[in-house]
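*Asks:* Just need the structure, nothing else, for what follows:
(2 chains)
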Amino acid sequence: MIGLNDYLGLSALLFAIGFFGVLLRKNTLVIYMCLELMLVAATLALVAFSRFNGILDGDIFVFFILTVAAAEVAVGLAIIVALYRRRQTVQVDELNSLKN
Amino acid sequence: MADLLFYITAAFTVFCALGVVFNRNAVNAALCLLLSLVGVAVLFALLNAYLLAVLLVLVYAGAVVALFLFIIMLLDVRADQKRPFKLVSLIASVAGLALMVGGIAMILRRGQLTASPAPAAAAPVGSVLKSYAELLFTTYLLPVEIIGFLLLIAMLGVIVLCKKFEGLEDVK
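*Replies:* Numbering: from 1, shown residues only, chains lettered A, B, ... in the order given. The predicted structure follows:
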């Protein structure tokens, strides 16, 4: 029988994979995708909690998270496009003008 | 049957998530993200949250991944495909991952739930649309309004960020 712990474990695993991607990759767009993966992993934990406790509040929160994530992606991608227009790159290791 | 479905879907989702991380080509990574999101939507359906499953596919797979693909094609980021991962960054990311997995393991070991709650018996609340509407328009009415306002702000922000303002130099 699949219980709450299995869903939480899967959620933690997905979150860890997303985190690893954020650390490893150098392409801003792929980093952004990994961030989305982490958000979705968190929503999976919320849905599992609210299902196994017989309440709906977690589901409502997922509702809000989905909306905020959509707005976030729109603004973030606009920022990336603006950055590309100015610097002609989306690689984070080439965006080091604060370094010197 | 549901158990088997859970295991298959979980393996599929994790495999596709790994594909997002390790795929050199950004387009392939975006498509792996799409498949992974579909897997999570199936898991939502297994948890009786049918509305959220549909919303996840509509919003994420429909809008967000399409937006990602659009931007990837707009920016043409093919140049970095063959670049190998640097050893230093690989070691650093593995160390960061180990730290986080260790933290999660500590939580799992020490913060054990006393009794895993049994799944809600007769009518799972997540499968009834009416209860969503009731909560959204009573308890959570203010957050709904704020989220609507946030979407408006985001739209304005994107327009400002993407539009090229010409002839604004004399305004400054």
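
*Asks:* Only C-alpha atoms from now on, for both contacts and neighbour counts.
*Replies:* Fine.

*Asks:* what comes into contact with the longest helix along chain B?
*Replies:* Across chain B, the longest stretch assigned as helix under DSSP state H is helix B:87-110. Helix B:87-110 is contacted by residues A:12, A:16, A:19-20, A:23-24 when judged by CA atoms under 8 Å, 6 or more residues apart in numbering or on different chains.

*Asks:* give me the subset of those touching chain B.
*Replies:* A:12, A:16, A:19-20, A:23-24 (CA under 8 Å from any CA of the partner chain).

*Asks:* Can I get the buried part of those as one ChimeraX selection?
*Replies:* The following ChimeraX line selects those of those that are buried, judged by 16 or more other CA atoms under 10 Å in any protein chain shown:
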select /A:12,16,19,20,23,24
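
*Asks:* Show only the entries of the ones next to chain B among the contacts of helix B:87-110 found in strands.
*Replies:* Taking DSSP state E, every one of these sits outside strands.

*Asks:* Can you pull out the low-pLDDT segments for the chain?
*Replies:* Just so you know, I chose chain A. Low-confidence regions of chain A, defined by pLDDT under 70, span residues A:100.

*Asks:* Wait, chain B was what I had in mind.
*Replies:* For chain B, the ranges with pLDDT under 70 are B:77-83, B:112-127, B:167-172.

*Asks:* make it 80
*Replies:* The model of chain B has pLDDT under 80 over residues B:1, B:76-86, B:108-109, B:111-128, B:164-172.

*Asks:* domain parsing for it?
*Replies:* B:1-81, B:83-112, B:128-166+B:168-172 (automatic domain parsing).

*Asks:* Could you dump those domains into CSV and include mean neighbour count?
*Replies:* What follows is the domains of chain B, written out as CSV (neighbours: other CA atoms under 10 Å in any protein chain shown):
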stretch, mean neighbour count
domain B:1-81, 19
domain B:83-112, 13
domain B:128-166+B:168-172, 13
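
*Asks:* Determine the longest helix present in chain A.
*Replies:* Assigned via DSSP H, chain A shows its longest helix as helix A:57-87.

*Asks:* before we move on, the earlier item: the helix or strand following the longest helix of chain B vs chain A: in contact?
*Replies:* Counting by DSSP states H and E, the next helix or strand C-terminal to helix B:87-110 is helix B:129-137. Yes: shown here: helix B:129-137 in contact with chain A (CA under 8 Å from any CA) through B:131-132, B:135-136.

*Asks:* just to confirm, which helix or strand has the residue lying closest to B:Gly19 once chain neighbours are set aside in it?
*Replies:* Closest residue in space to B:Gly19, ignoring its immediate chain neighbours: B:Cys32 at 5.8 Å, by CA to CA, 6 or more residues apart in numbering or on different chains. Assigning secondary structure by DSSP H and E places B:Cys32 in helix B:26-46.

*Asks:* centre of the chain versus the helix or strand following that helix, how much separation?
*Replies:* Sequence-wise, the next helix or strand downstream of helix B:26-46 (DSSP H and E) is helix B:50-56. Centroid separation between helix B:50-56 and its chain, computed with CA atoms, centre = their mean, to the nearest Å, is 13 Å.

*Asks:* With stretch B:143-157 instead?
*Replies:* 19 Å.

*Asks:* For that stretch, which outside residues touch it?
*Replies:* Residues from elsewhere that reach stretch B:143-157 (CA under 8 Å, 6+ apart): A:64, A:67-68, A:71-72, A:74-75, B:136.
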